[in-house]
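> Need coordinates for the following:
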Amino acid sequence: MEGTEAVRETLADAQAMGAKMLKLRLPFVTELRAYNRTKLRHDLIAGATLTLVSIPQAVGFALIMGLPPQVVIVSVIIGGFVGALFFSSHHHVFGPTSSISIITAATIAAHAAPLGIPPLRLAVLLAFLLGLIQLAAGLVNFGELTKFISRSVIVAYSAGIGLLLIASQLHNFLGFDAEAGQSFGRNIWEAVGWVFEGGTSVWALGAGALTLAIFWIVRRLRPSWPESLIGLAVMGLLVRAFTWANPHFHALKLVRDEGALRAVLPVFAGLHWSGSEFEALKEIFTAAVAISILGMLEAAAITKGLASRSGQKIEPNQELVGMGAANIACGLFGAVPGSSSFARSAVNFQSGAASQLSSMFSSLIVLLVLLFVTPVFNYIPVAALAAHLIRVGLKMLNWHQIRICCHSTRSDVAVFSITLIAALFLKLDTAIYMGIGLAVALFLQKTSTPLLVEYTFNEGGNLTALTDTANRTHPGISIIHVEGDLYFGAADVFVEQVRAQAEDRRIEVFILRMKNARHLDATTAMALSSLHDYLKSTGRHLLISGVTDDVHRVLRNSGLLKEIGEVNVFPAQANPTISTKLALERATELLHTRKAEVRLFYDRPQK
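Now for the predicted structure:
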């Protein structure tokens, strides 16, 4: 009956999981059933406000990737609209971000020339591949895995992205030319060299400093206004007026010099495969997997943070499906990849968005706004955009969270430091893998080092720790109290320590008290089997007491119950000492004595 019930429970869990898998939903349809004019007004206002933030960011991200601004704008329009169709969060916004722009730029720098593929084509392939991975992960419920990834990895990775972003814009801010896609160290070294050699441009420095000053003034006087849009628009107007008065002025590099921004209508481009494209997919696959993991973590952090303030229930897998669909759409429309945007999602929430339609409205409004502000953006100095991006990079350094990571535990410090260093000096996808791998390894080490402290009974009959081995009695029975997880990481260490005690041949019967043992697996079963064989080969015995239903199931299914003998295994009772008492009676029976001396071991000192 017990086995049948276990099978039923397993089948029920499988059916519940299967019911949630491989299903595409459009949560915004549910919102439309209760939609009204009030929600429409809130969504329109939030969408318009969101547009004011999206356009200057898109131009800046185009500068990072070295691609035309139009393909980034299309990512804002198409990706933002399609993602909102599938998101469960009312405030989640998809589009190009600092992190994905830097990763895309690094991918282009590493693979475009060797593979002979144009940079834009490679970015489009990355978007499509990334979308497939994210969509598949969302459909099979991989979004739940984000809860098992250390927050220290994300904080360090975000800090690394911020520092890389700052370093990548130093040459634009200081006014000298540099190759695209250079390493963090190279960017810093060249910037320091130009400063000491006096090769910086006064015009570029002045434009960047004036831009930061405008941001600061608007932020102080009108905190609710979009200071990024206002600051960059003012700089564009000033330079436009200056160049009109001085047509031969070329001391400042402008956005139009990097690729003129113009209003565009997204056009379906489809995918055109060839041998070089398939070869590129193989090369960028690992980067796409790392970006997918990062996207999951960013989406989880953003949506859960906003949900805690709005009270909305979020479905992590639905957010991942939305990002996957959005990136696939970006690939089909010839746009760059995107991800969850911290800044725009926060703006959407603060602007009072009532549903996912606010992001859809923003995508449509972007087209209209570009018709009026495009000429202004073409005259924005590249140094001003660099100042804006440096400011974005500084905001990615969350000093409060960094302080927590660096002062909590040594494991957190190690994970944070290694992830940050890897992000700065190795590939970004490598940094993600190293951070997650180290966090898991340290966790396993922490949970797989059981301690055994010897206890005995004093003259008064009370349990006490044995501090002086010279006072040790001559026991025939050893009781080992097992508490905690006994999964694969802890099994061997635990059995090795027990076996070390078993080297004392005067101990004839070992009783494992497993009332508080959890998570036994195949490794544990094999380790216990090895211990039983060792004791049996030396004419001694292994008993197990306090066996819970879960432990009993593992022992039975693995065949270990039959191997040890059911007569030597004692299920847990309501009174936790009963099963151990029965085991002691069985031990005395095996020793043919009524007065066996007893030692007790605990995995930690008892108070």
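> Tell me how far stretch 74-93 lies from the chain's centre.
A distance of 20 Å separates the C-alpha centroid of stretch 74-93 from that of its chain, computed with Cα atoms, centre = their mean, to the nearest Å.
> could you dump that stretch to CSV, C-alpha only?
Taking C-alpha atoms only, stretch 74-93 is exported to CSV below (Å, rounded to 0.1, in the frame of the first residue of the first chain):
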residue,chain,number,x,y,z
VAL,A,74,13.4,48.3,-34.0
SER,A,75,14.4,46.1,-31.1
VAL,A,76,12.6,48.6,-28.8
ILE,A,77,9.5,48.7,-31.0
ILE,A,78,9.1,45.0,-32.0
GLY,A,79,10.7,43.4,-28.9
GLY,A,80,8.8,45.6,-26.5
PHE,A,81,5.5,44.9,-28.1
VAL,A,82,5.9,41.2,-28.6
GLY,A,83,7.3,40.7,-25.1
ALA,A,84,4.3,42.5,-23.5
LEU,A,85,2.0,40.0,-25.2
PHE,A,86,3.4,37.1,-23.1
PHE,A,87,4.5,38.8,-19.9
SER,A,88,2.5,38.1,-16.7
SER,A,89,3.9,41.3,-15.1
HIS,A,90,2.1,44.6,-15.7
HIS,A,91,5.4,46.5,-15.6
HIS,A,92,8.0,44.3,-17.2
VAL,A,93,9.6,46.0,-20.2
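> which stretches of the stretch 401-550 of the chain have low pLDDT?
Flagging of the stretch 401-550 of the chain using pLDDT under 70 yields the residue ranges 428-429, 444-475, 483-493, 495, 516, 518.
> Which stretches in it count as strands?
If you assign secondary structure with DSSP state E, counting those that start in this stretch, the strands in the stretch 401-550 of the chain sit at 453-457, 463-465, 477-485, 509-518, 541-547.
> Ok, the stretch 1-150 of the chain next?
Listed in chain order, the strands found in the stretch 1-150 of the chain under DSSP E, counting those that start in this stretch are 94-95.
> Same question for the stretch 201-350 of the chain.
For the stretch 201-350 of the chain, the strands identified by DSSP E, counting those that start in this stretch occupy 339-340, in order along the chain.
> Give me the residue ranges of it where confidence is low.
258-264, 273-275, 301, 305-306, 308-309, 343.
> what's the burial count for Ala441?
A count of neighbours around Ala441, defined by other Cβ atoms under 10 Å, yields 14. No exception for glycine: its C-beta is placed from N, CA and C like everyone else's.
> and what of Lys536?
By other Cβ under 10 Å, the burial measure for Lys536, its neighbour count, is 13.
> ok, for it, nearest residue in space, not its chain neighbours?
Leu542 (7.7 Å; Cβ to Cβ, 6 or more residues apart in numbering).
> Can you tell me the number of residues neighbouring that neighbour?
By the other Cβ under 10 Å criterion, the neighbourhood of Leu542 contains 23 residues.
> same deal with His592?
For His592, the count of nearby residues is 6 (other Cβ under 10 Å).
> Show the contacting residues for it.
Counting by Cβ atoms under 8 Å, 6 or more residues apart in numbering, His592 touches no other residue.
> separation between it and Ile544?
21 Å (Cβ to Cβ, to the nearest Å).
> related to what we said a few turns ago, I'd guessed the residue nearest to Lys536 sits against His532; true?
Yes - in this structure, Leu542 sits in contact with His532. The criterion is Cβ atoms under 8 Å, and the distance is 4.7 Å.
> Give me the common contacts of the two.
Going by Cβ under 8 Å, 6+ apart, residues that sit against Leu542 and also against His532 are Ile564.
> Chain neighbours aside, what residue packs nearest to Ile188?
In this structure, Ile188 finds its nearest non-sequential neighbour in Ala167, 5.6 Å apart by Cβ to Cβ, 6+ apart.
> What strand or helix carries the one you found?
Of the helices and strands defined by DSSP states H and E, Ala167 is found in helix 151-168.
> Please tell me how far that helix is from the chain's geometric centre.
Here helix 151-168 shows a centroid-to-chain-centroid distance of 13 Å under the convention Cα atoms, centre = their mean.
> Could you look up the next helix or strand downstream of that helix?
Counting by DSSP H and E, the element after helix 151-168 in chain order, helix or strand, is helix 170-174.
> who touches that next one?
Contacts made with helix 170-174 from outside it, assessed by Cβ under 8 Å, 6+ apart, are listed as 63, 177-178, 187-188, 190-191, 194-195, 200-201, 204-205, 208, 253, 382-383, 385-387, 390.
> Pull out the buried positions in that helix.
Judged by neighbour count using 16 or more other Cβ atoms under 10 Å, the buried positions of helix 170-174 are 170-174.
> distance between that helix and the chain's centre?
Using Cα atoms, centre = their mean, we find the averaged C-alpha position of helix 170-174 to lie 31 Å away from the chain's own average C-alpha position.
> quick check: mean pLDDT across that helix?
Per-residue pLDDT values across helix 170-174 average out to 84.
> got the CA coordinates for that helix in CSV?
Below are the C-alpha coordinates for helix 170-174, written out as CSV (Å, rounded to 0.1, in the frame of the first residue of the first chain):
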residue,chain,number,x,y,z
LEU,A,170,36.2,56.7,-21.8
HIS,A,171,37.6,57.3,-25.3
ASN,A,172,34.4,59.0,-26.5
PHE,A,173,34.2,61.1,-23.3
LEU,A,174,37.9,62.1,-23.6
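> Show the contacting residues for Phe28.
Contact partners of Phe28, counting by Cβ under 8 Å, 6+ apart, are 84-85, 87, 355-357, 360.
> angle of the longest helix anywhere in the chain against helix 151-168?
Of all the segments assigned as helix in the chain under DSSP state H, the longest by residue count is helix 275-310. Angle, helix 275-310 to helix 151-168, by axes from the mean of the first three to the mean of the last three Cα atoms, to 10 degrees: 120 degrees.
> helix/strand/coil for Gln182?
In the three-state summary, Gln182 is assigned as coil, counting by DSSP: H, G, I helix; E, B strand; the rest coil.
> Just the pLDDT for it.
Reading off the per-residue confidence, Gln182 sits at a pLDDT of 74.
> What is the neighbour count of it?
Gln182 sits with 16 neighbouring residues when counted by other Cβ under 10 Å.
> quick one: the helices in the stretch 201-350 of the chain?
For the stretch 201-350 of the chain, helices defined by DSSP state H, counting those that start in this stretch occupy the ranges 202-221, 227-245, 255-259, 275-310, 316-332, 342-350.
> Which one of these lies nearest to Phe443?
Of all those, the one in closest proximity to Phe443, counting by Cβ to Cβ, is helix 275-310 (16.8 Å).
> now the helices: where do they sit in the stretch 451-600 of the chain?
With helices called from DSSP H, counting those that start in this stretch, the stretch 451-600 of the chain shows them at 488-502, 522-537, 549-558, 560-564, 578-591.
> Tabulate these in TSV, adding columns for distance to Ala414.
Listed next are the helices of the stretch 451-600 of the chain as TSV, based on distance: least, Cβ to Cβ, whole Å:
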stretch	distance to Ala414
helix 488-502	18
helix 522-537	26
helix 549-558	33
helix 560-564	37
helix 578-591	40
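> Out of the ones you listed, which gets nearest to Thr38?
Distances from Thr38 to each of those were compared using Cβ to Cβ; the minimum, 52.3 Å, belongs to helix 549-558.
> can you pull the buried residues of the closest one?
Neighbour-count burial for helix 549-558 flags 551-555, 558 (criterion: 16+ other Cβ under 10 Å).
> Next: stretch 161-181.
For stretch 161-181, burial by neighbour count (16+ other Cβ under 10 Å) applies to 161-176, 178, 181.
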